[in-house]
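Q: Model the following, please.
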Amino acid sequence: MADFGPVTCAGCGLLCDDVTVERPNGDVRLQPPCRLGVQWFSERLRRPAPAPATISGQPADVQTALTRAAGLLRRSRRPLLYGFEAATVEDARAAVALADRLEALIATESVSASWTGAPAVPLRGTSTATLGEIRDRSRLVIVWREDPETTHPRLLERIGFEGGASSRLGAKRRLLVVDDRETTTARRADLRLRWARERDLDALTTLHLMQRRLRPASDVEGELVALLEHINEVPHIAFVYGGGLTNGAGGQRRALALHELVRALCHERHVVTLALPRGTGTTGAQDVLAWQTGYCPNVDLSSGHPELATATQPLAADQEGVDVALRIEGAQARLPAGAAEIALCSAPAGADVDVSIRTAAAGVEAAGTAHRLDGVPLTLQAPLAGDAPTAAALLTRLLAEIER
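A: Modelled structure (predicted):
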């Protein structure tokens, strides 16, 4: 007998909404079985309830913590709002409203390391599709340096490969993997291309030139001939990519090359992309930023109007001078020395946090809206509703406190 369900699981960006949860003898079991889903529910169902808020590590009530946080933000010269890995759309909307009032920098991507260059999607645009379209139309699915069998365990099932939802294409489709690692996804591939990650930019630009009937010299040209032959055989193709392509130095240039290739291929066939986000709340937060500011994934509001943030070292003191950071449902970043941090998180806030307030975990303790990795909005239920406030409610109260 299920303890609750069906509910939406936010264990990964797929947001499977057909999950039932059982808790025999305190263990967590899911149907359909999923390792990431078990981990996600276990972390939220088994943890002890911490203090509702802390100030410099000492327990405090929520209102006192909000007053302290408002004071820090009111005096801030350069505030930053970041995180959003487990945020709902409602959380992101409230965060953008607060960032606008503070003229803050708001970031939905990692701020601990160097940014990977000017973001490709705002520069070039992207061709996207729902999981259902990929399942029913894509005869070739190209997974570029990702292992969704590990990071998004039901993805191949959801887009119609063996063991999953039926596709009207039947056997008339292939899975191609670009990866030199031995992964679970790679072992399922009909065709593998194994060049090193350092050659991705060369491969993408060379493939683009070959598609234009040019013959550039390249170390990977031989393997690209086979890939281009498969592309030319089908009318609908999906590229699945993520941090394996975009992370690190030059990551957004590689992403830009992918989107330029997709745009060129679309002259003769329909080609779409599916990005695998790092957090379940990232897609929704970036959608909210795009709706409300016109830009994503990182936006600077310090000039009084939205600007696309393209700094390569976002938290370097001589560039941004971030002195107060507000973390919203995300992992702790390495902040500049002396910067104060405020955390609104359902997970433990971490060390060296000036003010923390515990929030309700969306999908277990609180309801909300999340965007699946293909942009489809889904409802997160609250099967075990608690007393903790949501991040959206706290951000709204924080804005009111600042405007007093």
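
Q: what about Val7, how many neighbours?
A: Val7 has 21 neighbours, counted by other C-beta atoms under 10 Å. All C-beta atoms are positioned from the backbone trio N, CA, C, and that covers glycine.

Q: Could you report the distance from Gly37 to Asp17?
A: Gly37 sits 12 Å away from Asp17, going by C-beta to C-beta, to the nearest Å.

Q: These two: which is more packed in?
A: Gly37 (24 against 16).

Q: my guess is the more buried one contacts Asp18, does it?
A: No - Gly37 is beyond contact range of Asp18, at 11.0 Å (criterion: C-beta atoms under 8 Å).

Q: Pull up the overlap in contacts between Gly37 and Asp17.
A: Contact criterion C-beta atoms under 8 Å, 6 or more residues apart in numbering; residues shared by Gly37 and Asp17: Cys9.

Q: how far out from the middle of the chain is stretch 149-158?
A: Offset of stretch 149-158 from its chain centre (C-alpha atoms, centre = their mean, to the nearest Å): 15 Å.

Q: quick one: average confidence on that stretch?
A: The average pLDDT within stretch 149-158 is 95.

Q: ditto for stretch 85-98
A: For stretch 85-98, the mean pLDDT works out to 97.

Q: Could I get the full set of helices for the protein?
A: Counting by DSSP state H, one finds helices in the chain at the ranges 35-45, 62-75, 89-102, 120-124, 131-137, 148-151, 155-158, 184-188, 200-211, 221-232, 243-246, 251-265, 282-293, 391-402.

Q: weakest of those in terms of mean pLDDT?
A: helix 120-124 (a mean of 75).

Q: For that one, which outside residues touch it?
A: Residues contacting helix 120-124 (C-beta under 8 Å, 6+ apart): 126, 246, 252-253, 255-256, 258-260, 263, 295-297, 308.

Q: buried subset of these?
A: With burial judged by 16 or more other C-beta atoms under 10 Å, the buried subset of those is 126, 246, 252-253, 255-256, 258-260, 295-297, 308.

Q: Could you pull up the contacting residues of His208?
A: Residues in contact with His208 (C-beta under 8 Å, 6+ apart) are Ala257, Glu260, Leu261, Ala264.

Q: ditto for Glu365
A: Glu365 neighbours (C-beta under 8 Å, 6+ apart): Arg44, Ser346, Ala382, Leu384, Ala385, Gly386, Ala388.

Q: any idea how far it is from Pro122?
A: Distance from Glu365 to Pro122, counting by C-beta to C-beta: 35 Å.

Q: With Thr54 instead?
A: Thr54 is 38 Å from Pro122, where distance means C-beta to C-beta.

Q: Of the two, which one has the most company?
A: Neighbours were tallied for Thr54 and for Pro122 using other C-beta under 10 Å; the higher tally belongs to Thr54 (19 against 15).

Q: and the closest residue to the more buried one other than its chain neighbours, how many neighbours?
A: Ranked by C-beta to C-beta, 6 or more residues apart in numbering and with sequence neighbours excluded, the top spatial neighbour of Thr54 is Ser356, at 4.9 Å. Neighbour count for Ser356, taken as other C-beta under 10 Å: 26.

Q: Residues in a beta bridge with Ser356, which ones?
A: Per DSSP bridges, the residues bridged to Ser356 are Thr54, Ala343.

Q: Who are the contact partners of Thr390?
A: Per C-beta under 8 Å, 6+ apart, neighbours of Thr390: Thr88, Glu90, Asp91, Thr359, Ala360, Ala362, Ala366, Gly368.

Q: What separation do you get for it and Arg327?
A: 15 Å.

Q: cool, Trp195 as well?
A: From Trp195 across to Arg327, the span is 38 Å (C-beta to C-beta).

Q: How about Asp136?
A: Plainly put, Asp136 is 40 Å away from Arg327 if you go by C-beta to C-beta.

Q: Give me the more crowded residue out of the two.
A: Remark: of Asp136 and Arg327, Arg327 carries more neighbours, 24 against 17, as counted by other C-beta under 10 Å.

Q: which residues sit in contact with the more buried one?
A: Tyr82, Gly83, Ala333, Glu341, Ile342, Ala343, Leu344, Cys345, Ala349.

Q: Go ahead and confirm the last one touches Gly330.
A: No - distance between Ala349 and Gly330: 10.7 Å, which falls outside the contact criterion (C-beta under 8 Å).

Q: Which one's more surrounded, these two?
A: Taking other C-beta under 10 Å, Ala349 and Gly330 do not tie; Gly330 has more neighbours (25 against 22).

Q: Which residues does the closest residue to that one other than its chain neighbours form beta bridges with?
A: Spatial nearest neighbour of Gly330, chain neighbours left out: Gly83 (2.3 Å); criterion: C-beta to C-beta, 6+ apart. Beta-bridge pairing for Gly83 (DSSP bridges): Ile328.
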